[in-house]
Every structure is written in structure tokens, then in C-alpha cells.
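In: Provide a 3D model corresponding to the input given below.
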Amino acid sequence: MSLLSDDKQMKVLHQYSNNISDLDVHCLARLQPKLSPPSAPLTCFPSITSETFRGDKTDSLKVTVKLKPRPRAVHNGGDEPRFLSPKRWKALRWRKWSIQIVVPKGNYHLPGEAEVDEMLKKLGTALRPEPLPRDTRRCCFCHQEGDGLTDGAARLLNLDLDLWVHLNCALWSTEVYETQAGALINVEMALRRGLSARCVYCQQIGATSGCHRLRCTNAYHFTCAVRAQCTFFKDKTMLCHLHRPRGSSSFGGLLGTDHELRCFAVFRRVYVQRDEARQIASIIQRGEREHTFRVGTLVFHSVGQLLAQQMQAFHSVSAIFPVGYEASRIYWSMRHGNRRCHYVCSIDENDDEPEFTIRVVEQGYNDLILTGSSPKGVWEKVLEPVAERRNETGSLKLFPVYLKGEDLFGLTVSAVTRIVESLPGVEACERYTFRYGCNPLMQLPLAVNPSGCARSEPKACTHVKRPHTLTSCSSSKALQSPGNPTEMTGPPYSKNFVHSKSAQYRRMTAEWKSNVYLARSRIQGLGLYAARDIDNYTMVIEYIGTIIRNEVANRKEKMYEAQNRGVYMFRIDSEHVIDATITGGPARYINHSCAPNCIAEMVTLERGHKIIISSNRRIQRGEELCYDYKFDLEDDQHKIPCHCGAVNCRKWMN
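Out: Numbers count the residues shown, from 1 in each chain. Take a look at the predicted model:
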């Protein structure tokens, strides 16, 4: 690249290549300055109000952008370069554009939400949603309706059936604490205490936030404590207006500002820890169709019932079919590809066999009734048209062969399964595999006899769960009736008793892993604990191991002691012993107690004798399982101390 002087006027030739990225300029000529045409006038955007410009000097920001095309020149072999003109006019050219933005200098403020709503209402073109219905939910602590302010009582949390509580009303209760997962514990305990505690500020019951000053009995609702200018601290303590630190107030103070909490907004995930099984049971106990629950697209309506003569036919391996069961499913329409409708599913009885019915409820059409002998068969009448409609609209393809009728009926939903497995007499369902077992919270009343009188149905004895039918000490003589021997004899009752034992054992083997868990024991070493609430006279776990003779047991006991092993053996009778030291199960960790909550019994089944650990009273979740070892008495040199800690502890196990 070279530069030429002014006095040496020399015509040079230059050429631009088509590729701009490889622009090569060999020589630059002195260009004559050209007068640019006058630019367009500046455009000013006025402000919203004209009062801001009166008497004030405005500060303006001027932005000018000028775009100009550069002519293309090619060498034609002569002295003058020849400029190429476009072959066709396309009405496209570079234009000059300039804009001036004026920033007003004044006290301008943005309109608020109320002003914006008023302007949108006057405009008349904005689409506004329908007004929401009134929130009639009421907090059981402060008795205020609806959700509270974010920096106040906060949102409502579900505590129980039709029972709600504000987040901060529960969080700032004295008994309540929060786990790392966001669960609020002891909310029900605080509610029971609040029923007898009155607020100092409003004189209403439900005051659960107390002053942490020693010997101060002032209690408030959370909202009343805020209005009373109580002081809240970050360690979840509160001081009333009489005992708050000097210089600390709601208007700001110098003392205690580092530890005082001024914002009550909770944006993290918080929920009330509750027993969902008991909450579902309360729906059943309060009466059917008064309350319901929804799981996904399934809405549960009624559970129905099962009679004794229906047990054998009204169940499968994965589901039980109670007569009168009703639930509705929201699913894709059979008539339109992109619409949904209601499918009301119910179970009836037809010739001693279950009959499955689906009533299709769709807006603009009459109800359609579909029946079938199995859940899969009746739902195929729905899934095939649905798959065709989805193929016509190009939606995601549906594969009806992989959908199960029991799932679409809702019989495999965990909440519904808990209710169905609590029906009276379901122990007689031989092919069904129990998932949860007996739940004492869901015991239903006696089943209704079809004829209306129990005496008219002597052979249709309703199966009712009674604890005494599970005890091993019961005999056929105690179950015999003094009535007519031709109709009420002993063997049928004994057969039912054995069948109940076998059904209980079969269910126990399927669900024992959900009944217990292993943890450190307060008595000695490891112990077995109840993973859920266990009803009395319920089979909990089986004591398994290798059955050996007495001679082998004595030799192995000496060998285990020499190896410094713990010896776990259970005597079946005078000749046989179960060795669970190496090949045993978790039942070997059950400790001894002088006040046991379980008993060890031997049950005779088709497969032989089994040692079963059953509960002799109701066991709460988290309680350690224990039974009496019943060791033989020995002399003082071989005494084994007992560490059960019971009130009636004998101090020695043997």
C-alpha cells in the first residue's frame, strides 16, 4: 500500500474483489470530497405528559446512523474506470436513518397495578380471566379465610381432611419443627394444645406461638403476634411486647438487629408431615360419596363390598374386584382425537361373576354403556377407537396391548389398594398377592346381607376380622356351635380356621419386608423394629433357619462359642432345633423382654411346622419388637442378665 503526494496527480486503477473478506486494495487515489445531501429532520418522541417539559431543560440523546453504498469500479482498459450499474432495478437502496431519543428530566413514575388495570379496562380489548371463586378454606389456628400475605401468614397447607393451616401459623408454633426435607412435625400436637389456649391479643382459641421468656404465659396467633409488635428471632424464638429487648421494635432498633427476623416470606418447599393412610381411612369412615380423593386422572367414588361366596371369583393375582366399586377416569375421547371425556368405571355382579361396566360421559353426546367380563376386555372397546382417532390426527401413537385394565380401573393405585385390602374377609382371596396387608385404620362395618336378614343365609357367613381367630391356642371345640349338629358342625369351622392361618402366612411371607427394619437396639446389640403400625394378633415375621437335631445343636453351639460367634437357635420341640446363626433371617435379632409385644408360636401348615412371630397387642410404628425367650431356670453360675428395662423385669433371663 502506497500513498501519493498532493502535487502529483496521478490516475490509478484499483479493483475490489467479490469476496469482501479477502479485500485487496493496491492503491488509493485521492478522492474529491462530495457534498452530502441534507439529512432528514430529527424525530422526537414526546413523553406521556406535557407537564414535565414546562420550565425544564430536557437532556437529549442523539443517535445518528448513516449508511451509504460504495460504488463498484472495474478496469476497462482505458484511462477512466467504468462503474457498473445494476441490470435490474429492485427498488432496494441504502437510506440514511437517524433518530433522536429524548429523556425527560422530571419526577416521572411508572403507573401502578391499579392504574394499569384501569387503563386496560378502559381500552376494552384486553382478555381478562373470569374472577376466581371465594376461597372458603379457613386456617384452624388463626381462623382466617384464604391464603395470607407472603410476608405474613403465607399460604395454606393441608393438615387433614378439610383441615388447613397457614404455613407460618404452623411453623411458629412452639412444638413444631422443620426437617431438612421441609416437613413440619408435631403440627397436630400444636393443634390439640391450641384448642384450649386463648390469644392474649384477640381472645380467640388457637394461640400456639408463646413467649419464650421464662414464666411468661402470653400466647398469640402468629398474625396477632405481628400486630402486637412481638419480636421474632432467627432461632425460631419469640418475645412478647412486654419482654422484647430495649431498642428493638418493629420500627427499627439498634439492639438485636443481627438476630432479629424481619421478613417471614418462605419460598422453599414446606409441607405438613401426616399419615396419608389414616387420611384416606377417614374418608371411608365418614361415609362414602361425602368425600373423595383424586390420584392423577382417577377420581375415587366408592369401594363397594365383598361377601363370603364372592371371594373365590372376584379377584385375580394383581387386583380384587369388590361389588359396588366405582371410580371415574379422565381419558382421551373415542370420538375426537384432541379431546378428553369421563369414563365412569364400576363393578357389578352377574351370575356369580364380576361384570365390569364403563359409562362414557362426553359433552354433546348421550351416555354410552360398555360392559365386559374382565377389565381388559371392556377397556379394549375404548382403547381401539382412541388409537384410531389419534392416528387420524397424527398424535403420538397409542399401544392398547400394553395397557392393563386393572390400572385403568384404578384398582392398582396404592391408595385404592389399601382400602380394598382392608375389606372384611379378603384373607380368603387365595390367588391375590397382598401389597399392604391388614390396615386397622380402615376397618369397615359388617357387610350387608343381600336378603336383608342374616338368619335367612346360614351358609353365607360373613368373614369379619376378629383377633381371636388368629391365636394358636384356639381349638375347634371352642368354635363349635351348640346348635343343630347337622348344619353347624365342627369340621367346617376348623377348616375355615386353618384356611385363615394359611392365608395369613401367605400374606406375611409377601409383606414381611415392609413390616420390620433392623436398627440399633436399646436393649442389646441390634434389634428389629416395626416399620408400620401392626394390629394385634398379626403375623409379623417367620423365624427361619436350618432344622437340626439336639446332638448337632450342642456340637454347633460349642463351635460357635469357640469362634466367638453369637448363637441364634430356636427350639421347636424336644428333638429338633432351628439354627439361624449362619442361614437365618432378621427374626433372629428380636431381643428378649419381660413385657413382650410379640409371641412365638408354632403353626402347622401344608409344608410342615413353622415358627411365626406374631403380635400380642397393637404395636406402634418405630417400636422395637421383642418376645419372651422362656429359658429354663439355671443356677447362679450360668445366669444371663436381662436388660429389657420393663417395669416387671425379672432381672435374669434364665
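
In: Stretch 541-554: which residues count as buried?
Out: If you call a residue buried by 16 or more other CB atoms under 10 Å, then stretch 541-554 has these buried ones: 541-546, 548, 553. All C-beta spots, glycine's among them, are computed from the backbone N, C-alpha and C.

In: what residue ranges in the stretch 1-150 of the chain are flagged as low confidence?
Out: 1-93, 103-104, 106, 125-126 (pLDDT under 70).

In: distance of the residue found closest to residue 623 once you drop the neighbours it is linked to in the chain from residue 284?
Out: Nearest residue to residue 623, sequence neighbours excluded (CB to CB, 6 or more residues apart in numbering): residue 530, at 5.2 Å. Residue 530 is 23 Å from residue 284, where distance means CB to CB, to the nearest Å.

In: Residue 219 now?
Out: In terms of CB to CB, residue 219 sits 36 Å off from residue 284.

In: Between the two, tell me which one has more neighbours.
Out: residue 219 (22 against 18; other CB atoms under 10 Å).

In: contacting residues for that one?
Out: Shown in contact with residue 219 (CB atoms under 8 Å, 6 or more residues apart in numbering): 197-200, 207-211.

In: cutoff 6 Å now
Out: 197, 207, 210 (CB atoms under 6 Å, 6 or more residues apart in numbering).

In: Next, format these as CSV and append pLDDT and secondary structure.
Out: Output for the contacts of residue 219, formatted as CSV (pLDDT from 0 to 100; DSSP: H, G, I helix; E, B strand; the rest coil):
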residue, pLDDT, secondary structure
197, 91, coil
207, 93, coil
210, 91, strand
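
In: the bottom helix or strand of this structure by mean pLDDT?
Out: Here the helix or strand of the chain ranked lowest by mean pLDDT, DSSP states H and E is helix 476-479, holding a mean of 31.

In: How about residue 317: what's its closest non-neighbour residue?
Out: residue 431 (5.4 Å).

In: Neighbours of that neighbour, how many?
Out: Residue 431 has 9 nearby residues by other CB under 10 Å.

In: Ok, residue 567 next?
Out: By other CB under 10 Å, neighbour count at residue 567 equals 15.

In: Tell me how many other residues surround residue 408.
Out: Quick note: residue 408 (other CB under 10 Å) scores 23 neighbours.

In: Can you verify it is assigned to a helix?
Out: Yes: counting by DSSP: H, G, I helix; E, B strand; the rest coil, residue 408 is found in a helix.

In: Once you drop chain neighbours, what's closest to it?
Out: residue 379 (5.1 Å).

In: residues in contact with the helix or strand encompassing that neighbour?
Out: Assigned by DSSP states H and E, residue 379 belongs to helix 375-393. Applying CB under 6 Å, 6+ apart, the contact partners of helix 375-393 are 332, 334, 337, 356, 358, 370, 372, 398, 400, 405-406, 408-409.

In: Now rank those residues by neighbours and give me the top one.
Out: Neighbour counts for the contacts of helix 375-393 peak at residue 409, which has 26 neighbours (criterion: other CB under 10 Å).

In: dump the residue contacts of that one.
Out: With CB under 6 Å, 6+ apart, residue 409 has these contacts: 345, 375.

In: ok, now with 8 Å
Out: 319, 325, 327, 329, 345, 347, 356, 375, 379.

In: Next, count neighbours for the first one.
Out: Neighbouring residues of residue 319 were enumerated by other CB under 10 Å; the total is 22.

In: In this structure it contacts residue 411, no?
Out: Yes: taking contacts as CB atoms under 8 Å, residue 319 lies within contact range of residue 411: 4.0 Å.

In: what about residue 361, how many residues close to it?
Out: 13.

In: Looking at strand pairing, list the partners for it.
Out: residue 342 (DSSP bridges).

In: Retrieve the pLDDT associated with it.
Out: For residue 361, the model assigns a pLDDT of 94.

In: Can you name the residues that contact it?
Out: 341-344, 367.

In: Format the residues you listed as TSV; extra columns: pLDDT, distance to residue 584 and neighbour count.
Out: Formatted as TSV, the contacts of residue 361 follow (pLDDT from 0 to 100; distance: CB to CB, whole Å; neighbours: other CB atoms under 10 Å):
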residue	pLDDT	distance to residue 584	neighbour count
341	94	56	19
342	94	53	17
343	96	50	26
344	95	51	17
367	92	59	10
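
In: Save those as a markdown table, and put in distance to residue 639 too.
Out: Conversion of the contacts of residue 361 to a markdown table gives the following (distance: CB to CB, whole Å):
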| residue | distance to residue 639 |
| --- | --- |
| 341 | 75 |
| 342 | 71 |
| 343 | 70 |
| 344 | 69 |
| 367 | 78 |
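
In: which one of those residues is nearest residue 292?
Out: Of all those, residue 292 sits closest to residue 344, with 13.0 Å by CB to CB.

In: Can you read off the backbone torsions of the residue lying closest to the closest one once chain neighbours are set aside?
Out: Excluding the flanking residues, the one nearest residue 344 by CB to CB, 6+ apart is residue 359, at 4.2 Å. Residue 359 adopts backbone torsions of phi -110, psi 120, taken as degrees, to the nearest 10.

In: now residue 541
Out: Torsion angles, degrees, to the nearest 10, at residue 541: phi -160, psi 160.

In: List the residues that contact it.
Out: 508, 512, 515-516, 528, 585-587, 612-613.
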